[in-house]
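Engineer: Sequence first, predicted model second:
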Amino acid sequence: MEHPKRLGKYDIVQVLGEGAMGVVYKGHDPGIDRPVAIKTIRKALMEADAGIDLAARFRNEAKAVGRLSHPGIVAIYEYGEDDATAFIAMEYVQGRDLAQILGATPRLPEGTVIRFMQQLLDALDCAHRAGVWHRDIKPANLIVTTDGLLKVTDFGIARIESAALTQMAATIGTPGYMAPEQYMGEAIDHRVDIFAAGVLLYRMLAGRSPFAADSAEAVMYQVLNKDPEPLSQLPGLALPSSFDPIVARALAKAAQQRFASAREFRDALAERSALHAGSAADDATVVASLHLPLRRADGQSASGAASRPGSAPPSRWDAASLAPMEAALTRFMGPMARVLVREAARTATDLDALRDALCQHLPDAGDRARFITLLSGFGSAARATGGGTAGSGGAAVATGAAVEVPITPEAAEHARLVLSRELGPIAKVVLKKALAQARSPQHLHELLAQQLDDPAQRARLLDALRRKPG
């Protein structure tokens, strides 16, 4: 077919994908000089009787996402029509969809799974608070960028609360990710996305769906009648039992028994992740797999697009330069801060870019502000080794009298282990609060010791904390 040279104000650059319903293009917005993805649908289909639902879904995507603003949701810029075509112009995202990643790596490292889930649930929380329910959360609708960030796309069957145009059947969705109430055609709300996110969590950790069967009917039967085997009991995986209650609640048959919100689901995972951080080596494998054939924001594969090398780029930062960043982030994310900082450093070219990338892992505005304040105290201690004034061997250079002594992820983990022997499971909560206040390792030890009333127990704790780990 003959392709247009322009749609609306957008110049057409190339075809990204083509199907029976329409074409997806890469376009260029000349007004602000940025690339866009343009999803089109032929108006003849929209105007035919059989295409009424299709037209509604297409317009609904523009309306649903147009009211949302979140870094984890692919942005929609404009809905438009010409004589033959209706189109949506949206953010152009380089990366691969999660289905492609899971196809190459069926089981992801726990640290990677936690981060993907936290980003997904943060995006869903934004959508739900705006009254938008996605209704089709699945790996193919989640894009992981070449920087390792997850973005939600394809809101085509989203339901906007109180909007008449979304009165489509509740059973629209993907078998295995649909909640029981969707299968039953009952009233639904945002908790269908909670259920789908629970399925995704199980899938990434186990390497298979919790509802695996040979037919859609058999999958439906399992969703309605069977509880999946707990992750900790799956043979050959050795997954910790701490995931079991989280997954069980997310996959509850009754919506009222699930997490009440995406934020609550995310917080449950955050508590768990404070005790179980993923390894940088495992995460590097997953991030490296992203620098391959790309997938665009429109949900189409773009095999002809430019790709990056098949391995993650070398870091521009040395370990000493990253230490202040790791120390600051540890106060909010626990030991997994090291993984997050090292991953962000692969692409950040200066201190501001690295700080902004790390702020995306702190959904709470107050936490972001405190994190930035901590970094300002470190001054120029974190510096890219690719430029600037040379230090001794590229080591961090602290400036200013108010520089705080970093609390390394190793020191935080050592403190957690020691404190757990005295306080049990509550130790992780106590440690998190102390890390947010501590100005140095010594100050952290003092804050933790204050939690114990018995002088002998307090002295024993301080002695254990001051011993070097290992």
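Structural biologist: Happy to help now that I have it.
Engineer: Quick check: closest non-adjacent residue to Arg191.
Structural biologist: Setting aside the residues directly before and after it, Arg191 is nearest to Ala255 in space (C-beta to C-beta, 6 or more residues apart in numbering), at 4.3 Å. To be clear about C-beta, it is placed using only N, CA and C from the backbone, and glycine gets the same treatment.
Engineer: Can you give me the neighbour number for that neighbour?
Structural biologist: With neighbours defined by other C-beta atoms under 10 Å, the count for Ala255 comes to 19.
Engineer: which residues touch it?
Structural biologist: Ala255 makes contacts with Ala179, Glu181, Ile188, Asp189, Arg191, Val192, Phe195, as judged by C-beta atoms under 8 Å, 6 or more residues apart in numbering.
Engineer: Filter these down to the buried ones, PyMOL style.
Structural biologist: Of these, the buried ones go into a single PyMOL selection, burial set by 16 or more other C-beta atoms under 10 Å:
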select buried, resi 179+181+188+191+192+195
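Engineer: Which members of the contacts of Ala255 occur in strands, if any?
Structural biologist: Taking DSSP state E, every one of the contacts of Ala255 sits outside strands.
Engineer: What about the contacts of Ala255, which are in helices?
Structural biologist: Among the contacts of Ala255, the members found in helices (DSSP state H) are Glu181, Arg191, Val192, Phe195.
Engineer: Can I get the residues you listed in a markdown table including pLDDT?
Structural biologist: Supplementary listing: the ones in helices among the contacts of Ala255 in a markdown table, determined by pLDDT from 0 to 100:
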| residue | pLDDT |
| --- | --- |
| Glu181 | 93 |
| Arg191 | 96 |
| Val192 | 96 |
| Phe195 | 98 |
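Engineer: Export those residues as JSON lines, with columns for distance to Leu205.
Structural biologist: As requested, these are exported to JSON lines (distance: C-beta to C-beta, whole Å):
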{"residue": "Glu181", "distance to Leu205": "25"}
{"residue": "Arg191", "distance to Leu205": "21"}
{"residue": "Val192", "distance to Leu205": "21"}
{"residue": "Phe195", "distance to Leu205": "16"}
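Engineer: now, which of those residues sits nearest Ala365?
Structural biologist: Ala365 has its nearest neighbour among those in Arg191, at 25.4 Å by C-beta to C-beta.
Engineer: wait, that closest one sits on Ala262?
Structural biologist: No. With contact defined as C-beta atoms under 8 Å, Arg191 does not count as touching Ala262 (9.4 Å).
Engineer: Now the element after the longest helix anywhere in the chain, going C-ward?
Structural biologist: The residue-count maximum for a helix in the chain (DSSP H) belongs to helix 110-129. The helix or strand immediately downstream of helix 110-129 is strand 132-133, counting by DSSP states H and E.
Engineer: Tell me the strands beside that next one, with direction?
Structural biologist: strand 159-160 (antiparallel) (DSSP bridges).
Engineer: Run through the strands of this structure in chain order.
Structural biologist: Listed in chain order, the strands of the chain (DSSP E) span 6-7, 10-18, 23-29, 34-42, 76-81, 85-91, 95-97, 132-133, 142-145, 150-152, 159-160, 294-295, 301-302.
Engineer: dump the residue contacts of Val429.
Structural biologist: By C-beta under 8 Å, 6+ apart, the residues touching Val429 are Glu271.
Engineer: Looking at it now. What's its pLDDT?
Structural biologist: Val429 is assigned a predicted lDDT (pLDDT) of 73.
Engineer: What separation is there between it and Arg416?
Structural biologist: Distance, Val429 to Arg416, by C-beta to C-beta, to the nearest Å: 11 Å.
Engineer: and what of Leu149?
Structural biologist: When distance is defined by C-beta to C-beta, Leu149 is 28 Å away from Arg416.
Engineer: which two in the contacts of Ala255 are spaced the farthest apart?
Structural biologist: Asp189 and Phe195 (11.1 Å).
Engineer: wait, which of the strands of the chain is closest to His443?
Structural biologist: With respect to His443, and counting by C-beta to C-beta, the nearest of the strands of the chain is strand 150-152 at 35.4 Å.
Engineer: Determine the set of other helices and strands touching the closest one.
Structural biologist: When contacts are defined as 3 or more C-beta pairs under 8 Å, 6 or more residues apart in numbering; DSSP states H and E, strand 150-152 packs onto helix 110-129, strand 142-145.
Engineer: next one: the last one to chain centre, how far?
Structural biologist: Looking back up the chat, that one is strand 142-145. Computed by C-alpha atoms, centre = their mean, to the nearest Å, the chain-centroid distance of strand 142-145 equals 9 Å.
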